[in-house]
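Chemist: Next input, structure requested:
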Amino acid sequence: MKEKTSVTLSSELLKEIDRLGGRKQSRSAFIEEMLQRQVREHTRAERRARDIAILNRYADEMNRDAEEGLEDQAPEED
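Modeler: Sure thing, here's the model as predicted:
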C-alpha cells in the first residue's frame, strides 16, 4: 500500500531527477526507486559490518585453529 507524503527538495535536485528519470517514469516512481536502492545498500552495509565484527571477535581463535590444521598437514622432517 502506498501512502502520500510531502517532501521539500531543491529545484536543482528536481531538475536532476527529471533529467535522470526522463519520460520513462514519474518523479514519485524515480524517487521511490532511488530510496529503495539506498535502503537495500544500507541494510547490506549493516549486515557486512555485523559479519565483520563477528569474524574479528573470533579471528584469533580461527587463526590458531588454521595454524594447528596446517601443522597437522605438514610433512614431518627426518
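Chemist: Tell me the helices and strands packed up against the helix or strand Y58 falls within.
Modeler: Using DSSP states H and E, Y58 sits in helix 27-73. Helix 27-73 sits against helix 11-21, with contacts defined as 3 or more Cβ pairs under 8 Å, 6 or more residues apart in numbering; DSSP states H and E. In short, each C-beta sits where N, CA and C put it, glycine included.
Chemist: Outside of the helix it packs on itself, list whatever touches it.
Modeler: Helix 11-21 is contacted from outside by 9, 27, 29-31, using Cβ atoms under 8 Å, 6 or more residues apart in numbering.
Chemist: Would you reformat those residues as CSV and include neighbour count and pLDDT?
Modeler: Converted to CSV, those look like this (neighbours: other Cβ atoms under 10 Å; pLDDT from 0 to 100):
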residue, neighbour count, pLDDT
L9, 11, 96
R27, 12, 93
A29, 11, 94
F30, 16, 95
I31, 17, 96
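Chemist: tell me the two of these that are most distant?
Modeler: The most widely separated members of these, counting by Cβ to Cβ, are L9 and A29 (15.1 Å).
Chemist: any idea which of the contacts of helix 11-21 is the one closest to D60?
Modeler: Distance to D60, by Cβ to Cβ, is smallest for I31 among the contacts of helix 11-21, at 46.2 Å.
Chemist: which residues sit in contact with the closest one?
Modeler: By Cβ under 8 Å, 6+ apart, I31 lies in contact with 7, 17.
Chemist: Can you tell me how far it is from D65?
Modeler: Per Cβ to Cβ, to the nearest Å, I31 is found 49 Å from D65.
Chemist: What of D18?
Modeler: Distance from D18 to D65, by Cβ to Cβ: 57 Å.
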